[in-house]
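Chemist: Make a model of this:
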Amino acid sequence: QVQLVESGGGLVQPGRSLRLSCAASGFTFSSYAMSWYRQVPGKERELVAFITNGGIFKSYADSVKGRFTISRDNAKNTVYLQMNSLKPEDTAVYYCYARQATLRVDYWGQGTQVTVSS
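Modeler: Now for the predicted structure:
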């Protein structure tokens, strides 16, 4: 049974930090590229950060460059999103996404709410 379970969301003041985790199970995690997306009500889901299966290549949305860092630990089947200098506009539900391009298989997590407010 495939699972992607996000954790680490919550309410935080502007300027503070949070670290999201996504624990994967039920598939070969090290073969999948991983991403974090976010979504606010009434808007499309937005790609925030991407990391290749080996962790060598990473990319970020312009809105989070220099503030967010994606990383992964293939031994723990976990991907992380370190979010620093949080802004109110970072408020969203954050989703973990796994994709194996060759097999054209992908999976979504259930999401974790991040609220940035004073």
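
Chemist: For stretch 106-118, what does the pLDDT average out to?
Modeler: Stretch 106-118 shows a mean pLDDT of 97.

Chemist: now stretch 90-99
Modeler: pLDDT averaged over stretch 90-99 gives 98.

Chemist: how far away is residue 2 from residue 30?
Modeler: 15 Å (C-beta to C-beta, to the nearest Å). All C-beta spots, glycine's among them, are computed from the backbone N, C-alpha and C.

Chemist: my bad, residue 77
Modeler: 8 Å.

Chemist: same deal with residue 93?
Modeler: From residue 93 to residue 30 the distance is 27 Å (C-beta to C-beta).

Chemist: And those two? Which one has more around it.
Modeler: residue 93 (18 against 13; other C-beta atoms under 10 Å).

Chemist: Pairing partners for that one in the sheet, please.
Modeler: residue 39, residue 113 (DSSP bridges).

Chemist: which ones are touching it?
Modeler: Neighbouring residues of residue 93 by C-beta atoms under 8 Å, 6 or more residues apart in numbering: 38, 39, 40, 111, 112, 113, 114.

Chemist: and what of residue 36?
Modeler: 20, 22, 47, 48, 49, 70, 79, 81, 94, 95, 96, 97.

Chemist: Let's see that with 10 Å instead.
Modeler: With contact taken as C-beta atoms under 10 Å, 6 or more residues apart in numbering, residue 36 is in contact with 6, 20, 22, 46-51, 60-61, 64, 68, 70, 79-81, 83, 94-97, 109.

Chemist: filter those to the buried ones?
Modeler: Buried members of those, scored by 16 or more other C-beta atoms under 10 Å, are 6, 20, 22, 48-51, 60, 64, 68, 70, 79-81, 83, 94-97, 109.

Chemist: what about residue 53, is that helix, strand or coil?
Modeler: coil (DSSP: H, G, I helix; E, B strand; the rest coil).
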